[in-house]
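Asks: Compute the structure for the input listed below.
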Amino acid sequence: MQPYYIFLDVDGTLVTYNNELPESAVGAIKAAQANGHKVFTVTGRSKAEMYEDILDIGFDGYIGGNGSYIETDEHVIADRKLSAKDTRMIVDWLYENGLEFYLEGNIGLFASERFEVEAERPLQLYAAKKGKEQPNQVRVKDVFPEMIFGEQPYRNDINKISFILNAYEDYLKAKDQFSNFKVGTWGGVGETALFGDISLKNINKSSAIQQLLNHFGASNEATIAFGDAKVDIPMLEHCSIGVAMGNGGPEIKNASDYITDDVEQDGLYKAFKYFDLI
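Replies: Numbering: from 1, shown residues only. Model (predicted):
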C-alpha cells in the first residue's frame with residue numbers, strides 16, 4: 001500500500017472530550033508510522049495546549065491554531081500571528097465590552113483577570129453537551145491545566161483570541177467590529193454558542209494541509225483526514241478520504257466518506273484497521 005498522509009483533529013478525535021487519550025489510538029498511530037505513513041495533528045489548539053501525553057506519541061508534524069501554525073520535523077513552515085497592534089485593539093475592545101478572554105499562543109494561554117471565575121459555567125455547559133459525567137464539577141484548570149493568569153495581555157506572540165459570550169449578540173458585535181478578521185464561535189451552534197474567537201482571515205485547516213503537502217511535494221491523492229466537528233469539514237473534503245468520528249455531529253457525518261465509532265470506543269484504531277493503515 002502506498003504511504004498515506006494522515007491528518008487528525010485532536011479534541012473529540014484523538015482524545016476524548018475529557019482529555020483522555022485512548023491507548024488504542026496511540027498504538028494505531030505508531031503502527032501506521034511503522035508502515036511508512038506520516039501522521040499529523042490538525043487542531044485549533046495552540047502548541048501550549050499540546051501536552052506531553054500527546055507530544056510523546058511522536059507525530060510527523062503539527063498544524064495548530066486551526067491552520068495558523070505549521071511545523072514538521074522541527075521545521076516551522078508557517079507561523080501567522082496577530083500583530084501587537086491588532087492584539088491590543090482586540091483586547092481593549094473585549095475589556096470595554098466586559099468580555100473575559102484568553103490569548104492563545106505557542107508559548108502559553110494567557111487569561112484575563114476574571115476568566116477563571118466567569119468561564120466555569122460555560123465550560124460546564126460545554127462539558128454537558130459533550131456527554132461528560134458530572135459536568136458541574138468541571139473547573140477551568142481541568143480544561144486548561146497550564147493556563148497562565150496575571151500576565152500582561154498586550155503581546156506580539158498570539159495566534160488567536162477566545163472570549164466568553166455573555167450573549168449571542170456579543171459575537172455579532174465582534175463580527176461587525178472586526179470585519180477584517182476571522183470571527184467565529186465554539187461550544188454550540190448559533191445562539192447556543194458559548195465562546196467566540198478572533199484570528200487572521202483566510203486561514204483554515206484545509207489550506208494548512210495543502211501548504212504542508214506542498215512542503216513535501218505531495219498531492220492530496222493519498223491523504224486521509226479524521227474529525228468530529230464542523231470546523232473539520234473543510235479538511236475532510238480536501239483530503240481524498242474523510243472520516244467522521246461516531247461522536248461527531250450530523251454535519252460532519254454527512255460530509256464524510258466513512259463514519260467510524262466514537263473516540264471512546266476505539267474509533268480511531270478501528271478506522272486505521274478499516275483502511276489498512278495498520
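
Asks: now the strands: where do they sit in this protein?
Replies: With DSSP state E as the criterion, the chain has strands at 5-8, 38-42, 61-64, 69-72, 75-79, 101-105, 108-111, 148-149, 160-164, 182-186, 195-199, 223-227, 241-244, 258-259.

Asks: Format those as TSV; extra columns: mean pLDDT, mean neighbour count and distance to residue 26.
Replies: (C-beta placed from N, C-alpha, C; glycine too.) Compiled in TSV, the strands of the chain are given as follows (pLDDT from 0 to 100; neighbours: other Cβ atoms under 10 Å; distance: least, Cβ to Cβ, whole Å):
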stretch	mean pLDDT	mean neighbour count	distance to residue 26
strand 5-8	98	27	12
strand 38-42	98	23	11
strand 61-64	95	24	16
strand 69-72	95	21	20
strand 75-79	93	13	24
strand 101-105	96	25	25
strand 108-111	96	22	24
strand 148-149	96	15	28
strand 160-164	96	25	27
strand 182-186	91	19	26
strand 195-199	95	24	29
strand 223-227	98	27	14
strand 241-244	98	24	18
strand 258-259	98	15	21
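
Asks: Out of these, the one nearest residue 252 is which?
Replies: Of all the strands of the chain, it is strand 241-244 that lies closest to residue 252, at 4.7 Å by Cβ to Cβ.

Asks: and the strands of the chain as a markdown table, adding distance to residue 23?
Replies: Listed next are these as a markdown table, based on distance: least, Cβ to Cβ, whole Å:
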| stretch | distance to residue 23 |
| --- | --- |
| strand 5-8 | 16 |
| strand 38-42 | 16 |
| strand 61-64 | 21 |
| strand 69-72 | 25 |
| strand 75-79 | 30 |
| strand 101-105 | 29 |
| strand 108-111 | 27 |
| strand 148-149 | 30 |
| strand 160-164 | 30 |
| strand 182-186 | 28 |
| strand 195-199 | 31 |
| strand 223-227 | 17 |
| strand 241-244 | 20 |
| strand 258-259 | 22 |
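
Asks: among those, which is nearest residue 235?
Replies: When the strands of the chain are ranked by proximity to residue 235, the top entry is strand 223-227, at 4.5 Å, counting by Cβ to Cβ.

Asks: Just give me the residue closest to the centre of this structure.
Replies: In the chain, the centroid-proximal residue (Cα atoms, centre = their mean) is residue 44; its distance is 2.2 Å.

Asks: residues touching the nearest residue to it once chain neighbours are set aside, list them.
Replies: Once flanking residues are discounted, residue 44 sits nearest to residue 66: 4.7 Å by Cβ to Cβ, 6 or more residues apart in numbering. Residue 66 sits next to 43, 44, 160, 199, 203, 204, 205, 208, 231 when contact means Cβ atoms under 8 Å, 6 or more residues apart in numbering.

Asks: mind listing what the fifth one touches?
Replies: By that I understand residue 203. Per Cβ under 8 Å, 6+ apart, neighbours of residue 203: 65, 66, 67, 68, 80, 182.

Asks: Dihedrals phi and psi, it?
Replies: The phi/psi pair for residue 203 (degrees, to the nearest 10) reads phi -130, psi 130.

Asks: Quick check: residue 270 vs residue 24, distance?
Replies: Remark: distance between residue 270 and residue 24 (Cβ to Cβ, to the nearest Å) = 8 Å.

Asks: Which residue ranges of the stretch 51-200 of the chain form helices?
Replies: Per DSSP state H, counting those that start in this stretch, the stretch 51-200 of the chain carries helices over the ranges 52-55, 84-96, 115-118, 120-129, 140-143, 168-177.

Asks: which helices and strands does the fourth one pack with?
Replies: Pointing back at helix 120-129 there. With contacts taken as 3 or more Cβ pairs under 8 Å, 6 or more residues apart in numbering; DSSP states H and E, helix 120-129 sits against helix 140-143.

Asks: From the contact counts, what lies against the helix it packs on?
Replies: Contact here means 3+ Cβ pairs under 8 Å, 6+ apart; on that basis helix 140-143 packs against helix 115-118, helix 120-129.

Asks: In CSV: these, plus mean neighbour count, distance to residue 150 and mean pLDDT.
Replies: CSV is the format used below for the helices and strands packed on helix 140-143 (neighbours: other Cβ atoms under 10 Å; distance: least, Cβ to Cβ, whole Å; pLDDT from 0 to 100):
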stretch, mean neighbour count, distance to residue 150, mean pLDDT
helix 115-118, 17, 11, 96
helix 120-129, 18, 18, 90
